[in-house]
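> Fold the stuff below for me.
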Amino acid sequence: MDTRPCAGVVSKVFTVLWDSYKARRAGNIAGGYVKMRDMPRVDMSPEAPAHRSGFGRFWHALKQLFHEVVGAVFAVLAFAWVQSAIRAWTRDGARWLVATAFVVAAVMAVFSFTSFRRARQL
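All right, here's what the predicted structure looks like:
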């Protein structure tokens with residue numbers, strides 16, 4: 001059994017540094033060099049997806065739905081800001097107003113894209 005704190009959760013770099021720190025405190029002058037073969041192996045193969053129970057599947061679907069709804073809301077807001085910018089452009093509005101509307105629309109579009117991408121990555 002691994003006695004290190006948070007084994008398998010923290011990165012390997014941190015665990016190597018932690019072992020080095022413990023070795024220095026124990027009196028090892030070399031700093032406690034730990035080879036990678038001594039590190040525990042975490043199986044992260046893409047062929048073996050995590051098995052989820054009933055609530056886990058429901059929670060995953062709920063998170064995915066949340067990200068998709070947020071992405072759709074941001075897409076609608078981006079469309080509204082583009083429409084506002086076009087309206088200001090055709091009515092000879094101030095250039096800063098048109099530019100601001102396009103910038104806000106671009107930010108909303110980026111938020112929409114990242115939200116849909118995150119929903120896909122879940």
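> Beyond the one helix or strand in the chain whose mean pLDDT sits lowest, next helix or strand please.
One helix or strand of the chain scores below all others by mean pLDDT, DSSP states H and E: helix 12-25, with a mean of 63. On the C-terminal side of helix 12-25, the closest following helix or strand by DSSP states H and E is helix 54-90.
> So which bits of that following helix are buried?
Buried residues in helix 54-90, counted by 16 or more other CB atoms under 10 Å: 67-68, 70-71, 74-75, 77-78, 81-82, 84-85, 88. Every residue, glycine included, has its C-beta placed from N, CA and C.
> and which of the residues you listed is nearest residue 118?
residue 67 (5.1 Å; CB to CB).
> Make sure that closest one is actually in contact with residue 121.
No. With contact defined as CB atoms under 8 Å, residue 67 does not count as touching residue 121 (9.1 Å).
> need the contact list for the residue nearest to residue 68 when sequence neighbours are not counted.
Setting aside the residues directly before and after it, residue 68 is nearest to residue 119 in space (CB to CB, 6 or more residues apart in numbering), at 4.7 Å. The contact partners of residue 119, by CB atoms under 8 Å, 6 or more residues apart in numbering, come to 63-65, 67-68, 71.
> if you set the cut-off to 10 Å instead, what comes out?
Residues in contact with residue 119 (CB atoms under 10 Å, 6 or more residues apart in numbering) are 63-71.
> likewise residue 92?
Here residue 92 is in contact with residue 98 (criterion: CB under 10 Å, 6+ apart).
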